[in-house]
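Novice: structure for the following, please:
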Amino acid sequence: GSTIEVEFEVTSTNKPFLSGLETFQFPDALDQKSFQLTAPSAVKVRKLISGPGGIVRETDRRVEGSRTFEWQADHVKALPAESQLPPEWTYGAAVAYFIGDPNLYYKELRKTLLDRSAHGTNAAAMARQLAARAKTRLDALKAIRDFISTSIRLAGPSFTELPLSELSDADTTLADGYGHLADRAILFHAMLTAAGFKPEFVLASELPPVKDIARVVKSFPMPQLFRGPLVRVKVDGQTCYLNDTDQYSRLGTTSHDGLLGIVLASRACKVIHAAKGCENRTETDFAISLGNDGQARIGVTRRYYGTGYNDKNRYFSELPPEERKRYYQELVSAMAQGARPVSDLVTKFDAYPGLEQYTLTIDNFSVVDGDYSYFDLPFTAELFRPGSDRRALPLFISRRSAQTLRTEIELPPGFRQVVIAPPSEKLKGPDNCGSARIASVCKDGKCSITHQFEANPAIVSPKDYPDLLRIESALGRKSSRVFLLEKTPAAALGAKTGT
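Specialist: Numbers count the residues shown, from 1 in each chain. As a prediction, this is how the structure comes out:
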């Protein structure tokens, strides 16, 4: 084998803090690793050692006005190569370090952001011009959001990688037509202030308020993880976050819904919430009409809320006609082999929620066998998609999601007796990580079944993982999706007498 040694040096100046994370467990076995951190004795070094005890060894040496920490580990077994893992510092052997004053950093950051926002004469003039053409305050807010989204291109590194002195004035970003997220947040603040709003800065993270994560975040400074600068405003009784959506988005949605953020004015760690009705979810209605010969006509109506609306609105707005045709073909073929469209694809995103609608037929949707007919629901019910049969590491559910599937079935005239249908049931995951509720009713020649799925952020331990598998197994079993129908007496008698 070969040994490759690499040595490099990085020099950073004027950074408001120094932080990092060194891991000591990997998908490959670790022979030996050491990491040293040297700082003047007067500088406070905060550190967090995570993972099983005994893997990482720490030494602390003081020599001539400096202090050196060294962390070592050797002969560490490989971790399983598993997906959907939480942050490494919640389960693995790692060392996080922070040098600086987090409160002072947040204070200086807010001061600098406000200072750059104040240098925005041209930005303020543009904001007043946009607001003057708006009929309502919400219209003014949307006009400013859309202007910045279409006029200012995202470019450059994250602001956390640069000194605070490198943040641009609002007018500079407006004139250049580009900037990183913090530059855009400054421009948002300047224009919203000029339009009569009272904006405030919030730093968003990708961390949900799960107990094991929130406990660490509140006790150990990790400002490097709060690198999504948002601007929050309140208008007409609702709170809107800007700078993580674009002109295709519903005002009030945010891609950081349900995640932790730091309000710079108070330096408080809070959960970011989308406006009411702007949470991310989908609703799908299936209207199925069955014939005696097994043919089915299926109408599908899907409604998109929150970021799902935003993504689909952008997608359809920019979709060329040929690609739209291919998209529809894939939708139809995904329903069943041999499915045929009998309507055009209808998409409406000029209103909220966004709508996607189409109708198709399937010749052999139901299998007719003598006096019986049987068929499956046209979708596979899933809540978590856990994957493997077992896990050695925690499973991370990072975002809340919600989905409702409603299926209305018009039974064939000759098969109105329901022998088997999916039962009503309630399934709940461990530690409130999610739930599935199924309501099933069959009467008067119709069957109605509603599936409601909700997943919540969680870190599911390996010992609780089998509970998730049991939920998926219950949803996937044949009895949860199959219908067995029997000929009605009159139809059966008619078939026997030839009438």
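
Novice: list the contacts of residue 479.
Specialist: By Cβ atoms under 8 Å, 6 or more residues apart in numbering, the contact list for residue 479 reads 420, 422-423. The C-beta positions use only the backbone N, C-alpha and C, and glycine is treated the same way.

Novice: cool, residue 23 as well?
Specialist: Listed by Cβ under 8 Å, 6+ apart, the contact partners of residue 23 are 88, 92-94.

Novice: same thing but 6 Å
Specialist: 88, 94 (Cβ atoms under 6 Å, 6 or more residues apart in numbering).

Novice: ok, the one 3 residues further on next?
Specialist: With contacts defined as Cβ under 6 Å, 6+ apart, residue 26 is in contact with no residue.

Novice: what about it, which SS state?
Specialist: Secondary structure assignment for residue 26 (DSSP: H, G, I helix; E, B strand; the rest coil): coil.

Novice: quick check: mean pLDDT across the helix or strand hosting residue 48?
Specialist: In this structure, residue 48 sits in strand 45-50 according to DSSP states H and E. Averaged across strand 45-50, pLDDT comes to 95.

Novice: swap in stretch 291-310?
Specialist: Rounded mean pLDDT across stretch 291-310 is 97.

Novice: list phi and psi for residue 147.
Specialist: When quoted as degrees, to the nearest 10, the phi and psi of residue 147 stand at phi -60, psi -50.

Novice: same question, residue 328
Specialist: phi -70, psi -40.

Novice: go ahead and confirm it touches residue 344.
Specialist: No - between residue 328 and residue 344 there is no contact under Cβ atoms under 6 Å: 8.1 Å.

Novice: settle it for me: which of these two has more neighbours?
Specialist: A count of neighbours by other Cβ atoms under 10 Å puts residue 328 above the other of residue 328 and residue 344, at 18 against 10.

Novice: name the nearest residue to that one, ignoring sequence neighbours.
Specialist: In this structure, residue 328 finds its nearest non-sequential neighbour in residue 345, 4.3 Å apart by Cβ to Cβ, 6 or more residues apart in numbering.

Novice: so the one you found makes contact with residue 359?
Specialist: No - judged on Cβ under 6 Å, residue 345 makes no contact with residue 359 at a distance of 9.8 Å.

Novice: show me which of the contacts of residue 479 is closest to residue 5.
Specialist: residue 422 (61.6 Å; Cβ to Cβ).

Novice: what count of nearby residues applies to residue 430?
Specialist: As a burial measure, residue 430 scores 16 neighbours (other Cβ under 10 Å).

Novice: distance of it from residue 91?
Specialist: Between residue 430 and residue 91 the distance is 17 Å, computed by Cβ to Cβ, to the nearest Å.

Novice: any weak-confidence spans in this protein?
Specialist: Along the chain, the parts satisfying pLDDT under 70 run over 1, 490-499.

Novice: what about 50?
Specialist: By pLDDT under 50, the weakly predicted segments of the chain are 493, 499.

Novice: which helix of this protein spans the most residues?
Specialist: Using DSSP state H, we find that the single longest helix of the chain is helix 102-118.

Novice: which helix or which strand is home to residue 472?
Specialist: Residue 472 belongs to helix 465-476 when assigned by DSSP H and E.

Novice: give the next helix or strand downstream of that helix.
Specialist: Following helix 465-476 in sequence, per DSSP H and E, is strand 482-486.

Novice: can you tell me what sits against that next one?
Specialist: Under Cβ under 6 Å, 6+ apart, the answer for strand 482-486 is 371-376, 415, 417, 419-421.

Novice: with stretch 8-20 instead?
Specialist: Outside stretch 8-20, the residues touching it (Cβ under 6 Å, 6+ apart) are 97-100, 105, 163-164, 224.

Novice: give me the buried entries from those residues.
Specialist: 97-100, 105, 164, 224 (16 or more other Cβ atoms under 10 Å).

Novice: quick one: those as TSV, columns for secondary structure and distance to residue 487 too.
Specialist: Compiled in TSV, these are given as follows (DSSP: H, G, I helix; E, B strand; the rest coil; distance: Cβ to Cβ, whole Å):
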residue	secondary structure	distance to residue 487
97	strand	74
98	strand	73
99	strand	78
100	coil	77
105	helix	75
164	helix	77
224	helix	68
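
Novice: do I have it right that residue 183 meets residue 168?
Specialist: Yes - Residue 183 sits in contact with residue 168 when judged by Cβ under 6 Å, with a separation of 4.7 Å.
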